[in-house]
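*Asks:* Could you work out the structure for the sequence below:
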Amino acid sequence: MTYRRLTEIERYQIHALLKQGHSHRAIGRTLSRHPSTISREIARNQGLRGYRPRQAQMKSVDRQTSKIHHRISPTMWKEIERLLRLEWSPEQVSQRLEQEQQTPISAVWITTTSKEIAF
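*Replies:* Next up is the predicted model:
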């Protein structure tokens, strides 16, 4: 079985079926989802007023977008580019960044990525 996120429509169906008194297992069968998927969805997105599909959808989107972050900041990229322009080797750049308590970046990764940088 492949991984699929719950859709907004499925969230509204979960809400309707919960109101009708269906169990998590029955809801899972209806939506062709595993019962634990339904349980996790309800547990994650249930507020003081119960499970609300619109709120659940917003929370889901927020969780997806909050995980998007870049490991290397634009400032760090500028420093890497500056050092490469000064003809430092990727190994030297990698070691310097690690010594300065910044995010460790492998020399291989710098080499691979620096080919995309136009000097």
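*Asks:* all strands of the protein, in order?
*Replies:* 46-47, 50-51 (DSSP state E).
*Asks:* Which of the ones you listed sits closest to residue 103?
*Replies:* strand 46-47 (36.2 Å; C-beta to C-beta). Where C-beta positions appear, they are placed from N, C-alpha and C, glycine not excepted.
*Asks:* what are the pairing partners of that closest one, and which direction each?
*Replies:* strand 50-51 (antiparallel) (DSSP bridges).
*Asks:* Show residues contacting the partner strand.
*Replies:* 14, 15, 18, 42, 45 (C-beta atoms under 8 Å, 6 or more residues apart in numbering).
*Asks:* just the buried members of those?
*Replies:* Listed as buried from those are 14, 15, 18, 42, 45; burial here means 16 or more other C-beta atoms under 10 Å.
*Asks:* would you turn the residues you listed into CSV with distance to residue 90 and pLDDT?
*Replies:* Below are the buried ones among the contacts of strand 50-51 laid out as CSV (distance: C-beta to C-beta, whole Å; pLDDT from 0 to 100):
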residue, distance to residue 90, pLDDT
14, 50, 97
15, 53, 97
18, 55, 96
42, 49, 96
45, 45, 90
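*Asks:* which pair in the residues you listed spans the largest distance?
*Replies:* Largest pairwise distance in these, by C-beta to C-beta, is 11.5 Å, between 18 and 45.
*Asks:* what number of residues lie near residue 40?
*Replies:* By the criterion of other C-beta atoms under 10 Å, residue 40 has 13 neighbours.
*Asks:* Likewise for the one 3 residues further on?
*Replies:* Residue 43 is surrounded by 9 other residues when neighbours are defined as other C-beta under 10 Å.
*Asks:* Can you tell me how far it is from residue 37?
*Replies:* As judged by C-beta to C-beta, to the nearest Å, residue 43 and residue 37 stand 11 Å apart.
*Asks:* Quick one: low-confidence residue ranges for the protein.
*Replies:* Scanning the chain for pLDDT under 70 picks out 1, 67-70, 101-102, 114-119.
*Asks:* Quick one: residues contacting residue 109.
*Replies:* Counted by C-beta under 8 Å, 6+ apart, residue 109 has zero contacts.
*Asks:* With that, I have no additional questions.
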